[in-house]
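Student: Need a 3D model of the following:
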Amino acid sequence: MGGHRLNAILSTSGLALVLALGGVRVGLTQNPQPLDKAIEALTPAAEPDLAPPTADDVKRAPAASVTNPGTSTASSNPPSPNSAPSSVESSSAESSSPALSTPASSGPEPSVATVAPATPASNTAPSTQQAPATANTNGPAIEAVAVPDATELPPPTVRDFVAATLPPADLATAQKLHELLTAKSERLFTKKERTAVESFYNGRGFAPLWTEKGAANARAEATIAYLQHVDGDGLDPSDYPIPEFKTTIDGSGLAEAELRLVASVLTYARHAQIGRIHYSRVSGDIFYNQTPPDPTDVLAKIADTKNIGELLASYEPSHPQYKALKAKLAEVRGRGGDSEATRIPHGPVLKVGSDDGRVPLLRERLGISGEGTVYDKPLAEAIKKFQHRNGLAPSGTLTSATIEAFDGPRHGRDEDIIIANMERWRWLPRDLGKAYVMVNIPDFTLKVVHNGSTVWTTKVVVGKPSMPTPLISEAMRFITVNPTWNVPPSIVQNEYLPALQQDPMALERIGLKVEQNRDGTIHIYQPPGDRNALGRIRFNFPNKFLVYQHDTPDKNLFAHDVRAYSHGCMRVQDPLKYGEVLLSIADPKEGYTAERLARMFGSEERNINFVTPIPVHLTYQTAWVDDSGRLVIRNDVYGRDSRILAVLKGDERKVADVAVERRETTVHHQAFRLPPPANPYANSYSGGFPFFGQLFR
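Tutor: Residues are numbered from 1 along each chain as shown. The predicted model follows:
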């Protein structure tokens, strides 16, 4: 009966045990056929109506080997005549099945032996403790498989089953991938990426992602095709090298190509989503709270997607402005960069009645009809509208500033300027907000966008080049009517203390108050009123650079074409209307209007909190496509374009996507706090300038 039970054990569980114990090692060889033969030979025919096997059946099975028929011993190493007899004797029924040997001690996991030719029969008489040989008429002898107790078997893993089903060429690649990923791979991946890659491949039993049967698969070909054309997004394909998938006997060629393509894809996804250049390398007054793509997520999506091109393109910005620049980049490249034939040449200022050879080109660029070379009234009216759209004084005369608005700066190429602007779009949040405020610093304008449409726009004064307005994205949370201006430390130190040294009454004459705090520091502020530097209303979006938007008593600056005069904050031309537009979105139930806000003017600060905060994006767009499809280019007032292009074209590009430490720039107006019910800014400054020490040193 024990023999029947043993046969049942082999027939029902032998195959699973062999796969679980040896699946990885046997599977990761170039020729798995011996395994199939071994399993077939070891599996006897099933016998019906057998009682369920027990652990005792396995334990009673003596150690033996299967030999060729006609041999007189079941072991190639017979016991010594002086050895003690076995405590368990084999019955004739039990000896009819191939015997199993149980290991005496723990050690390396057993594996299936290779097929060997028959050995000559021994002349030694068989011991009574050994099972007699069993005839094998199907071929050469197969040594027994050593199987441990069932309670000692580890559970099979995903890797075991995946590897056991791979074709031979992919098995070799899988084995080499495992070796490479457990060795040093820092040269290809960041620390976070390497952890993700190891986890990804371990979860798939190290089955390759890019190859099938020793060749690049359709997924790899689609990925390579996409990476070779990323120049359409202003990126350089050489930053994402394409490996050559070479077949080698040990799988090393394909495995190395596998990891190199993974590295290129992860690098591309990161560059596309947060920028080829880290913003910190451009200036210290730029900050965005960016979220790079998760390498684990990228790899999982690549393994699952049916459209590689669509997936990879999803890491680029989806903003309509970005897509318009991308289309314009292709157009510019199609005509070979700047086209002098379509640029307006510089020359004399043109007024109505002027005769000039540039007139037909002007008509063509503006899309108006007319004949001859005389600068007539219809052309002047078209020029006036163009000037108004581009933030220029609408005089109707053709000036140098108007020509530059048509063509962009003469020193730059359109292609480079577009690429620099596309790079800055990658820094911005992917979701700008259902409603948001966008300031374009080089254009000196502000617009409010709601549900995809621009609902209001106005002129602004921005920071001068020595004190630039920063690039950030933050949320506007409240408006302050009748603000107090607490003079920031930079202005106190650099401007007002020197003025006090010359004239102790200078600040009093312009409405500033000077107080000395208990700790000996100085506090300079300006109370609410018509002469307040912040005007009558301030728009607050707390940020690390301490800037905000506000009214101003100095309205004449809005008539200038170039409006870079402030210490970093933004002065708004029509702040009351701005407040009305914002509050109609942030708190529509209250029904705020410009007139209602004006009635709140007085001598005490009053805060209006937003029920719904509105994102504010301070951007630097020197190139964009207007509603008519025309490329508009502005002067690089802060040198941001030139800095980006210098990094892309110089040695720094090798590490351009790595952040650098910079001294934080907080030279602007004042520290923000979320507003309490009362004045949030009164006496907010207590910074370290001892009054008399600074005044007389």
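Student: ok, the residue nearest to residue 167 when sequence neighbours are not counted - how many residues close by?
Tutor: Spatial nearest neighbour of residue 167, chain neighbours left out: residue 213 (5.2 Å); criterion: C-beta to C-beta, 6 or more residues apart in numbering. To be clear about C-beta, it is placed using only N, CA and C from the backbone, and glycine gets the same treatment. By other C-beta atoms under 10 Å, the residues close to residue 213 number 11.
Student: Contacts only, for residue 213.
Tutor: For residue 213, the contacting residues are 167, 169, 170, by C-beta atoms under 8 Å, 6 or more residues apart in numbering.
Student: Can you list the buried residues in stretch 579-591?
Tutor: Using 16 or more other C-beta atoms under 10 Å as the test for burial, stretch 579-591 gives 579, 580, 581, 582, 583, 584, 585, 586.
Student: So which of those residues sit within helices?
Tutor: Here DSSP state H is the test, and the buried residues of stretch 579-591 give 579, 580, 581, 582, 583, 584, 585, 586 as lying in helices.
Student: Domain map for the chain?
Tutor: 1-156, 161-320, 339-407, 428-635+667-696 (automatic domain parsing).
Student: Report the mean confidence score over the longest one.
Tutor: In this model, domain 428-635+667-696 has an average pLDDT of 85.
Student: Likewise for the first one?
Tutor: The average pLDDT within domain 1-156 is 45.
Student: Likewise for the third one?
Tutor: Averaging pLDDT along domain 339-407 gives 85.
Student: Residue numbering should commence at 51 henceforth.
Tutor: With 51 as the first residue, the last one maps to domain 389-457.
Student: Residue 382 contacts residue 469, correct?
Tutor: No - Residue 382 is beyond contact range of residue 469, at 10.0 Å (criterion: C-beta atoms under 8 Å).
Student: Between those two, tell me which one has more neighbours.
Tutor: The neighbour count for residue 382 versus residue 469, taken as other C-beta under 10 Å, is higher for residue 469 (23 against 19).
Student: circling back to that earlier point, list just the nearest of the buried residues of stretch 629-641 to residue 674.
Tutor: Nearest to residue 674 among the buried residues of stretch 629-641, counting by C-beta to C-beta, is residue 631 at 21.8 Å.
Student: I figured that closest one hits residue 508, correct?
Tutor: No - using C-beta under 8 Å, residue 631 makes no contact with residue 508, being 9.4 Å away.
Student: got the buried residues for stretch 499-508?
Tutor: Buried, per 16+ other C-beta under 10 Å, within stretch 499-508: 499, 500, 506, 508.
Student: Closest one of the residues you listed to residue 297?
Tutor: Among the buried residues of stretch 499-508, and counting by C-beta to C-beta, the member closest to residue 297 is residue 499, at 54.4 Å.
Student: In space, what's closest to the closest one - neighbours in sequence excluded?
Tutor: Once flanking residues are discounted, residue 499 sits nearest to residue 486: 5.5 Å by C-beta to C-beta, 6+ apart.
Student: likewise residue 372?
Tutor: Going by C-beta to C-beta, 6+ apart, residue 372 has residue 475 as its nearest residue, at 4.4 Å.
Student: Make sure the one you found is indeed in a helix.
Tutor: Yes - according to DSSP: H, G, I helix; E, B strand; the rest coil, residue 475 belongs to a helix.
Student: neighbours around it, how many?
Tutor: Counted with other C-beta under 10 Å, residues neighbouring residue 475 total 20.
Student: quick one, what contacts it?
Tutor: Contacts of residue 475 (C-beta under 8 Å, 6+ apart): 367, 369, 371, 372, 375.
Student: how near is it to residue 488?
Tutor: Residue 475 sits 12 Å away from residue 488, going by C-beta to C-beta, to the nearest Å.
Student: Next: residue 406.
Tutor: Distance from residue 406 to residue 488, counting by C-beta to C-beta: 37 Å.
Student: Among these two, which residue is more densely surrounded?
Tutor: residue 488 (22 against 17).
Student: List the strands paired with the helix or strand where the more buried one lies, with their directions.
Tutor: In this structure, residue 488 sits in strand 485-490 according to DSSP states H and E. Applying DSSP bridges, strand 485-490 is found paired with strand 495-500 (antiparallel), strand 656-669 (parallel).
Student: Please render those as JSON lines that adds distance to residue 448 to the earlier fields.
Tutor: Shown next, in JSON lines, are the strands paired with strand 485-490 (distance: least, C-beta to C-beta, whole Å):
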{"stretch": "strand 495-500", "distance to residue 448": "22"}
{"stretch": "strand 656-669", "distance to residue 448": "29"}
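Student: how about residue 584, what does it touch?
Tutor: Listed by C-beta under 8 Å, 6+ apart, the contact partners of residue 584 are 533, 535, 576, 600, 601, 602.
Student: quick check, the first one in a helix?
Tutor: No - with three-state DSSP as the criterion, residue 533 is coil rather than part of a helix.
Student: any idea how far the nearest residue to residue 296 once chain neighbours are set aside lies from residue 567?
Tutor: For residue 296, ignoring the flanking residues on the chain, the nearest one in space by C-beta to C-beta, 6+ apart is residue 303 at 3.7 Å. Going from residue 303 to residue 567 by C-beta to C-beta gives 72 Å.
Student: Look at those two and report which has more neighbours.
Tutor: More neighbours surround residue 303 than the other of residue 303 and residue 567, with 19 against 15 (other C-beta under 10 Å).
Student: Pretty sure that one sits in a strand.
Tutor: No - counting by three-state DSSP, residue 303 is not part of a strand but helix.
Student: ok, now which ones touch it?
Tutor: Counted by C-beta under 8 Å, 6+ apart, residue 303 has contacts 295, 296, 297.
Student: quick one: secondary structure of the first one?
Tutor: So the one you mean is residue 295. coil.
Student: Please give me every residue in contact with it.
Tutor: Going by C-beta under 8 Å, 6+ apart, the list of residues near residue 295 reads 260, 261, 265, 266, 270, 303, 304, 307.
Student: what about the helices in the stretch 301-450 of the chain?
Tutor: 302-324, 345-354, 358-363, 370-384, 409-416, 427-439, 450-457 (DSSP state H, counting those that start in this stretch).
Student: Dump these into TSV; add distance to residue 642 as well.
Tutor: Output for the helices of the stretch 301-450 of the chain, formatted as TSV (distance: least, C-beta to C-beta, whole Å):
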stretch	distance to residue 642
helix 302-324	37
helix 345-354	43
helix 358-363	42
helix 370-384	30
helix 409-416	40
helix 427-439	29
helix 450-457	36
